[in-house]
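Trainee: Give me the fold of what follows.
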Amino acid sequence: MSMPGTMRAVRIAGHGGPEVLEAVEVAVPAPGAGEVLVEVAAVALNNTDLWTREGAYGSPQDATALSGWRGPIDFPRIQGADVAGRVVAVGPREDVSADGGAGFEGGTGLDGGAVVDRDTARAVDGDTARAVAGNAAEAAARGTAAEPNPYAGLLGRRVVIDPAVYDSDRQDANPIGLMGSERDGGYAEYVTAPVGRVHDMTESPLTDDQLASLPTAYGTALGMIERGGLRDGETALVSGASGGVGLALTQLARARGAKVLAVSSGSKADAVRAAGAHVVIDRARDVAGQIRAAAPDGIDIGLDVVAGELASACLPLLREGGRWVVAGALGGYGVTLDVRRLYLHNARVIGSSMHTPAHFGLLMDLAREGAVRPVVAATFPLARAARAQEELARRGHVGKIVLHP
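Mentor: Numbers count the residues shown, from 1 in each chain. Got it, this is the predicted structure:
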């Protein structure tokens, strides 16, 4: 089977509103050494899509600077971090590098190489300018002997891509980049990814839409829970509980045996309760007062994606040795803090950015077992990506919004 030379994609050529999203026809990317080509079945939206498009991340030197997730963006950029799909081609084997090939550089420890046609599962010449077409006979006709490719076993498999670019090849590595910001993402018919970041989910009972809903939202949530050390029997406060990360936090914290207090709007209380919240805190009322009533002895851990005034009001509610884990700033990035409440009570504030490779592997194990069940609020065709982002920004939904190429 021959791959098409071009594909439909939606990309941004600069920062701005939804109007900067442009539908284009571009070349199908060729998988490089240690990479695979994935045909996208579903790509889920995240707040990172909005903030990357807007350039809202700032920089350590200037909080108002236009920036992608981790710095200036190399435009044009195809957005979309969260991809589920099927492997349709694989790139050449990769040499062992001195740095181990961290993040999107691979790191498989295999050398030599060629690309593989998904029908023949045999290596072919890798000099094509696009995602490989051809078979072993065609390779022989070009004078290149066909050889088995070690990645060929992935061909046709249903996969989820870990979208993080890591700072090392360790299992506890920190993410320093993100697909859709620092690298082209899944708002397209095809996307490349390092073979080491592709997780085989063929046997998972989850749908493609549910699988695509996992990487950023559930990866971030599990990273928060792991870094915060949430234990069975503890009381956990979840902010922004009806959003993608918040709903994931609610499900995962409940599954871990915590008593979950979830902050949400009153209109979404039933959906948040159905996700596992023991108590739903109405964000339109006195949040701290409601928490005191539900947990008179305080909370063990705050799992916060809102920050702002909510964090200022609720940090003092931590018990002795409590932890406040923050992974977002939907309510504002300025927080007023009485530091005495930290050091006098041995409390900790923990920043949490996405997940580590170990966290993501644990999440994929849960998904293979069907132990997590993402809620999909709505789906849109790829051509309506701008409309989908507008819907996400309105925050009137519960769960994830997904695009279909």
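Trainee: contacts and neighbour counts: CA atoms only from here.
Mentor: Fine.
Trainee: quick one, strands of the stretch 151-300 of the chain?
Mentor: In the stretch 151-300 of the chain, strands defined by DSSP state E, counting those that start in this stretch lie at 158-161, 164-166, 175-178, 190-194, 198-200, 235-238, 259-264, 279-282, 299-304, listed in chain order.
Trainee: In a markdown table, list the ones you listed along with distance to residue 249.
Mentor: Shown next, in a markdown table, are the strands of the stretch 151-300 of the chain (distance: least, CA to CA, whole Å):
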| stretch | distance to residue 249 |
| --- | --- |
| strand 158-161 | 20 |
| strand 164-166 | 19 |
| strand 175-178 | 20 |
| strand 190-194 | 27 |
| strand 198-200 | 22 |
| strand 235-238 | 7 |
| strand 259-264 | 9 |
| strand 279-282 | 14 |
| strand 299-304 | 8 |
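Trainee: Take the ones you listed and write them to TSV, including distance to residue 224, mean neighbour count and mean pLDDT.
Mentor: Below are these laid out as TSV (distance: least, CA to CA, whole Å; neighbours: other CA atoms under 10 Å; pLDDT from 0 to 100):
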stretch	distance to residue 224	mean neighbour count	mean pLDDT
strand 158-161	20	27	98
strand 164-166	15	23	96
strand 175-178	14	20	95
strand 190-194	25	27	98
strand 198-200	21	19	98
strand 235-238	11	28	98
strand 259-264	15	26	98
strand 279-282	20	22	97
strand 299-304	7	28	98
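Trainee: Please name whichever of those is nearest to residue 17.
Mentor: Taking CA to CA, strand 175-178 is the member of the strands of the stretch 151-300 of the chain nearest to residue 17, at 20.3 Å.
Trainee: ok now the closest one, how far from the chain's centre?
Mentor: Strand 175-178 sits 10 Å away from the centroid of its parent chain (CA atoms, centre = their mean, to the nearest Å).
Trainee: Would you list the strands that that strand pairs with, along with their directions?
Mentor: Paired with strand 175-178 in the same sheet, following DSSP bridges, are strand 164-166 (antiparallel).
Trainee: for stretch 315-329, what is the average pLDDT?
Mentor: Averaging pLDDT along stretch 315-329 gives 96.
Trainee: start to end distance for it?
Mentor: One end of stretch 315-329 sits 15 Å from the other (CA to CA, to the nearest Å).
Trainee: For that stretch, buried residues please.
Mentor: Within stretch 315-329, the residues that count as buried by 16 or more other CA atoms under 10 Å are 315-320, 322-328.
Trainee: Between these, which sits nearest residue 372?
Mentor: Within the buried residues of stretch 315-329, proximity to residue 372 (CA to CA) peaks at residue 327, which comes in at 20.4 Å.
Trainee: Using the three-state scheme, assign residue 338.
Mentor: In three-state terms, and counting by DSSP: H, G, I helix; E, B strand; the rest coil, residue 338 is coil.
Trainee: How many residues are close by it?
Mentor: Counted with other CA atoms under 10 Å, residues neighbouring residue 338 total 11.
Trainee: Can you add distance to residue 228 and secondary structure and give the buried residues of stretch 315-329 back as CSV?
Mentor: What follows is the buried residues of stretch 315-329, written out as CSV (distance: CA to CA, whole Å; DSSP: H, G, I helix; E, B strand; the rest coil):
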residue, distance to residue 228, secondary structure
315, 14, helix
316, 17, helix
317, 16, helix
318, 13, strand
319, 14, strand
320, 14, strand
322, 9, strand
323, 6, strand
324, 8, strand
325, 6, strand
326, 10, strand
327, 11, coil
328, 15, coil
